[in-house]
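Chemist: I need the structure of the sequence given here:
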Amino acid sequence: MAVLRPEQLSSHLSGPLAPLYVLHGNAPLLVEEAADAIRAAARSQGVTEREILVTGQGFRWEQLAMASGNLSLFGDRKLLDLRIPNGKPGKDGGEALERLCASLELGGDCVLITLPELDWAARKANWFGTLSDRAVVLELLTPPREQLPAWIAVRLKRQGQSAPAEALEFMAEHVEGNLLAAHQEISKLGLLYEPGELDLPRVREAVLNVARYDVEALRLAMLDGDPGRCARLLEGLRGEGEAPPLILWTLAADLRALARARAAIDQGGSAASALKAERVFEPRRRQAIERVVRRLRPRQIRNALQHAARIDRIIKGLQPGDLWDEFLQLMLRLRPRG
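Modeler: Model prediction:
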């Protein structure tokens, strides 16, 4: 039916509800906020009953047919809130979703389907194609790192506050792309301070020591060749007790993808096809690998893979070494020279 950008949802919901909405993406906060807006619009338009279905162990897809086929207890319109946490309905679920699409009517019940970030295979599946044809679809993604200060500024404005560029950048650095963490810190600023301009000292005082770290941010920092960010993220992961084997597995996966892409380029092929073979589908990670592989020589990548093997031996106690320093030195192998 239509693909909406997130900023278009509010205007869309000022009109009649569509029969079907599909929300998916890698930003749970944005998915939940969009779902809340749709549920609020449904209530304001007289959709008085809501039924929630969550797929998972023990769920039978016949429940969807029963829920969509049963009239509201009082004959009113109903909102069917279907949540598919793993994004994989399977064969039975795919067929059930296709039947659901065929049964919906404008002005009748409304269905809201929420999904996580979808991989390449899910996007190509028949069930998702059918949903996309019949639904209003929103993909809700975490803003790229360079857009995060502007995203924070918009959120502050909603609560009557603003901050200078250096304060916005400080917040962006310390939440490391975690929108839930950013939302919590923005809300905290709204509780601590009156509406108006915030300065860097007040923002720093409120936000300091609440940074969230994750391994996904670490891999992107390595690919971006940002040594300061690599060091900060590693220190945070170390402080949170993250398992070194998980960190090594994540970084080594990107090094192997780089090696495959470099070999493809050297043989006259394309990095994109090599990354597809490596099942690298997440857009930001794929773009980062395609960007960095063109400035790396095969020998640099081989040396990085050998370094990763040495870290593996350190983790297993087969070789002495400062594990966290070795992680940092490994990541610095990908930084731009000169």
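
Chemist: so where's the stretch 151-300 of the chain uncertain?
Modeler: 208-213, 281 (pLDDT under 70).

Chemist: hey, where'd the strands end up in it?
Modeler: 161-162, 196-197 (DSSP state E, counting those that start in this stretch).

Chemist: Neighbouring strands of the first one in the sheet, and parallel or not?
Modeler: Taking DSSP bridges as the criterion, strand 161-162 sits next to strand 196-197 (parallel) in its sheet.

Chemist: The strand it pairs with: how far from the chain's middle?
Modeler: 31 Å (C-alpha atoms, centre = their mean, to the nearest Å).

Chemist: Residues in contact with it: which ones?
Modeler: 160, 161, 162, 163, 164 (C-beta atoms under 8 Å, 6 or more residues apart in numbering). From N, CA and C alone the C-beta is placed, and that goes for glycine too.

Chemist: Please indicate which of these are buried?
Modeler: Listed as buried from these are 161, 163; burial here means 16 or more other C-beta atoms under 10 Å.

Chemist: Just the closest of the contacts of strand 196-197 to residue 243, please.
Modeler: residue 163 (35.9 Å; C-beta to C-beta).

Chemist: now that closest one: how far from residue 262?
Modeler: 42 Å (C-beta to C-beta, to the nearest Å).

Chemist: Over to residue 277?
Modeler: Distance of residue 277 to residue 262, computed by C-beta to C-beta: 13 Å.

Chemist: so which helix or strand takes in the residue nearest to residue 13 when sequence neighbours are not counted?
Modeler: Nearest non-adjacent residue to residue 13, counting by C-beta to C-beta, 6 or more residues apart in numbering: residue 41, 4.0 Å away. For residue 41, the element it lies in under DSSP states H and E is helix 28-44.

Chemist: Just the CA trace of that helix, in CSV.
Modeler: Backbone C-alpha positions of helix 28-44 (Å, rounded to 0.1, in the frame of the first residue of the first chain) are rendered in CSV as follows:
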residue,chain,number,x,y,z
PRO,A,28,13.4,-1.1,19.3
LEU,A,29,12.7,2.4,20.8
LEU,A,30,11.5,3.8,17.5
VAL,A,31,9.5,0.7,16.7
GLU,A,32,7.7,0.9,20.0
GLU,A,33,7.1,4.6,19.7
ALA,A,34,5.6,4.1,16.3
ALA,A,35,3.4,1.3,17.6
ASP,A,36,2.2,3.5,20.5
ALA,A,37,1.3,6.2,18.0
ILE,A,38,-0.8,3.8,15.9
ARG,A,39,-2.5,2.4,19.0
ALA,A,40,-3.4,5.9,20.2
ALA,A,41,-4.7,6.8,16.8
ALA,A,42,-6.8,3.7,16.8
ARG,A,43,-8.4,4.5,20.1
SER,A,44,-9.1,8.1,19.0
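
Chemist: Return the list of helices and strands in contact with that helix.
Modeler: In terms of contacts (3 or more C-beta pairs under 8 Å, 6 or more residues apart in numbering; DSSP states H and E), helix 28-44 is packed against helix 9-12, strand 20-24, strand 78-83, strand 110-114, helix 179-192.

Chemist: Export those as CSV, with columns for mean neighbour count and distance to residue 314.
Modeler: Shown next, in CSV, are the helices and strands packed on helix 28-44 (neighbours: other C-beta atoms under 10 Å; distance: least, C-beta to C-beta, whole Å):
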stretch, mean neighbour count, distance to residue 314
helix 9-12, 14, 49
strand 20-24, 23, 40
strand 78-83, 21, 42
strand 110-114, 23, 42
helix 179-192, 17, 31
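
Chemist: OK, contacts around residue 65?
Modeler: 96, 99, 100.

Chemist: In three-state terms, label it for me.
Modeler: Secondary structure, DSSP: H, G, I helix; E, B strand; the rest coil: residue 65 is helix.

Chemist: i'd like the first residue to be 21 from this point on
Modeler: New numbering, starting at 21: the last item is residue 85.

Chemist: any idea how far it lies from residue 209?
Modeler: 47 Å.

Chemist: go on, residue 265?
Modeler: Taking C-beta to C-beta, one finds residue 265 at 37 Å from residue 209.

Chemist: can you give me the helices for the stretch 71-220 of the chain?
Modeler: With DSSP state H, counting those that start in this stretch as the criterion, the stretch 71-220 of the chain has helices at 82-89, 110-123, 140-144, 146-154, 168-178, 185-195, 199-212, 220-227.
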